[in-house]
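Engineer: Sequence plus the predicted model coming up.
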Amino acid sequence: MKRYNISFVIPMFNESVKIEETIRRISVLAADICADYELVIVDDASTDGSADVVSRLAVCDQHIKLIRLAVNSKFGGALNRGLRSVEKDIIVYTDSDLPAKEEDIELALEYLDGADVVTAYSLAMKDPKIKRVIMSKVYNFLVRTFFGLNIRDINSGLKIYKKEVLSGLDLKSRSPFIDVEIFAEVVKRGFKIAQVGMLFELNNKSHSAISKPSVVARTFRDMFAYRFLR
């Protein structure tokens with residue numbers, strides 16, 4: 001019996017090479033496990049024709065909903081727009097390169113029987129470069145210290161929410177800090193979080209983007225604004 005009604009939310013920036021395969025894989029999975037579903041693709045002002053690829057696919061598939069942002073809003077802005085546009089009972093956020101295997105996504109959904117949010121973490125080191133390791137440790141230390149969140153991979157590429165968890169949230173972050181903001185609000189509201197380990201496929205492009213100085217600076221600005229100004 002197909003038991004899920006799912007909105008798959010996928011922020012996208014310059015992924016014309018990969019996005020069609022990602023949509024195909026998610027569509028096959030969704031058709032197998034969902035009674036109803038939608039693919040919410042948020043194009044963050046891509047410059048490589050990514051939105052045109054999705055638009056072409058949407059003509060033939062009513063499950064695909066394309067949202068085009070005229071101005072690049074960074075990761076947090078695109079994700080926030082996607083989360084505010086969902087219509088189904090369950091929300092699955094994943095990166096545009098689909099780092100999780102389909103069978104792992106299906107397994108993670110089962111954790112919703114005892115939780116309101118499911119977040120994945122990698123069972124193997126995603127990026128062994130010393131710079132990334134140090135940045136990750138410092139960031140996760142600050143997240144635990146400031147917000148009391150014991151999440152093993154706060155910025156993982158797979159998260160699942162029951163729709164009511166995100167209802168009414170006024171998210172401000174426009175950087176990868178948006179994941180921390182969501183989880184901090186989830187804890188405040190008393191929702192239960194489950195964590196599940198899996199093996200992610202490494203996407204060097206996404207990891208390099210997160211470590212850009214401008215992205216790091218915006219992430220820390222959002223962190224301190226949330227901690228001290230809200």
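Structural biologist: Cool, got the structure.
Engineer: Tell me where the protein has strands.
Structural biologist: 4-12, 34-43, 64-68, 90-94, 117-122, 158-162, 193-198 (DSSP state E).
Engineer: which stretch among these comes nearest Ser175?
Structural biologist: Proximity to Ser175 (Cβ to Cβ) singles out strand 4-12 among those, at 12.4 Å. Backbone N, C-alpha and C define where each C-beta goes, glycine included.
Engineer: Give me the contact list for that closest one.
Structural biologist: Residues outside strand 4-12 that contact it (Cβ atoms under 8 Å, 6 or more residues apart in numbering): 19, 22, 26, 30, 33-44, 46, 50-51, 54, 75, 78-79, 82-83, 85-96, 109, 163.
Engineer: Out of those residues, which end up buried?
Structural biologist: 19, 22, 26, 30, 33-34, 37-44, 46, 50-51, 54, 75, 78-79, 82-83, 86, 88, 90-96, 109 (16 or more other Cβ atoms under 10 Å).
Engineer: where does the chain have its least confident helix or strand?
Structural biologist: helix 204-210 (a mean of 54; mean pLDDT, DSSP states H and E).
Engineer: residues near Glu106, how many?
Structural biologist: The number of residues packed near Glu106 is 14, by other Cβ atoms under 10 Å.
Engineer: I'd say it and Cys34 touch.
Structural biologist: No - counting by Cβ atoms under 8 Å, Glu106 does not reach Cys34; the two are 10.5 Å apart.
Engineer: quick one: pLDDT of Ser73?
Structural biologist: pLDDT for Ser73: 87.
Engineer: what ranges do the helices span in this structure?
Structural biologist: Along the chain, counting by DSSP state H, helices occupy 19-33, 50-60, 74-83, 102-110, 130-147, 163-166, 178-188, 204-210, 213-229.
Engineer: for those, which one sits closest to Gly157?
Structural biologist: Nearest to Gly157, of all the helices of the chain, is helix 204-210, at 7.6 Å by Cβ to Cβ.
Engineer: didn't Thr219 look like it was pressed against Ile178?
Structural biologist: No - counting by Cβ under 8 Å, Thr219 stays clear of Ile178, with 9.3 Å between them.
Engineer: so where's the chain shaky on pLDDT?
Structural biologist: Under the criterion pLDDT under 70, the flagged ranges of the chain are 1, 125-128, 202-211.
Engineer: again, 90 this time
Structural biologist: Applying pLDDT under 90 to the chain picks out residues 1-3, 73-74, 122-141, 153, 155, 201-216, 228-230.
Engineer: Could you pull up the contacting residues of the spatially closest residue to Leu171 that is not a sequence neighbour?
Structural biologist: Counting by Cβ to Cβ, 6 or more residues apart in numbering, Asn80 is the residue found nearest to Leu171 once chain neighbours are left out, at 4.9 Å. Applying Cβ under 8 Å, 6+ apart, we find Asn80 in contact with Leu171, Ser173, Arg174, Ile178.
Engineer: just the buried members of these?
Structural biologist: Buried by 16+ other Cβ under 10 Å: Leu171, Ser173, Arg174, Ile178, out of these.
Engineer: Contact partners for the second one?
Structural biologist: If I follow you right, that is Ser173. Gly76, Asn80, Val180, Glu181, Asp222, Tyr226.
Engineer: repeat for Val71
Structural biologist: Val71 neighbours (Cβ under 8 Å, 6+ apart): Ala45.
Engineer: That one and Leu166: what is the separation?
Structural biologist: 24 Å (Cβ to Cβ, to the nearest Å).
Engineer: How about Ala124, nearest residue that isn't a chain neighbour?
Structural biologist: Nearest non-adjacent residue to Ala124, counting by Cβ to Cβ, 6+ apart: Leu199, 5.9 Å away.
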